[in-house]
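Colleague: Generate coordinates for the sequence data below:
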Amino acid sequence: MRVFKNAWFGRFARKQCISDEALLDAVGRIERGLIDADLGGGVIKQRVARPGHGKSGGFRTIVLYRAAERAFFVYGFAKSGRDNIDDDEEAAFRKAAAFVLGLSDADLSELIGRKQFSEVHGHGEEIPK
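Modeller: Just a heads-up that it's a prediction; the model follows:
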């Protein structure tokens, strides 16, 4: 399983002090079937804990996900700042998932080279089970 974040999400995560380990933990929960909300079409809403706090008071993230292959963190927000995404955004994320999850390894490498995506790595570089 490879895990990525887009450039926007990378800035969001840095600003909010969300570690790569927290992102890998969120994907690990998805892999174990502990999904907060499956929005369909490869789009999942998953909670990530605020540093020093629990998940319930933390962040909501949008993850484009293909089981056992790839996960892309593309959007995040604090529950205290926003209730949810709207229907138009949800539809846009489903369209994005169809495109992003269909990228070839060569296309993905090119996008990483252009800094549109970066790969998420943990200390052991494996997703927690």
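Colleague: show me the contacts for the residue nearest the centre of the chain.
Modeller: Centroid-nearest residue in the chain: residue 73, 2.2 Å away (criterion: CA atoms, centre = their mean). By CB atoms under 8 Å, 6 or more residues apart in numbering, the contact list for residue 73 reads 3-6, 9, 13, 23, 61-63, 120. Where C-beta positions appear, they are placed from N, C-alpha and C, glycine not excepted.
Colleague: Next, format these as CSV and append neighbour count, distance to residue 47 and pLDDT.
Modeller: Listed next are the contacts of residue 73 as CSV, based on neighbours: other CB atoms under 10 Å; distance: CB to CB, whole Å; pLDDT from 0 to 100:
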residue, neighbour count, distance to residue 47, pLDDT
3, 22, 16, 97
4, 23, 19, 98
5, 24, 16, 97
6, 20, 19, 98
9, 23, 15, 98
13, 21, 14, 96
23, 26, 12, 96
61, 25, 7, 97
62, 24, 11, 98
63, 30, 11, 98
120, 24, 17, 96
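Colleague: Tell me where the model's unsure across this protein.
Modeller: Along the chain, segments meeting pLDDT under 70 span 54-56, 123-129.
Colleague: Need the single longest helix in it, by residues.
Modeller: When the chain is parsed with DSSP state H, its longest helix is helix 87-100.
Colleague: Quick check: buried residues in it?
Modeller: For helix 87-100, burial by neighbour count (16 or more other CB atoms under 10 Å) applies to 90, 93, 96-97, 100.
Colleague: Show me which pair in those residues is furthest apart.
Modeller: 90 and 100 (15.3 Å; CB to CB).
Colleague: That'll do, ta.
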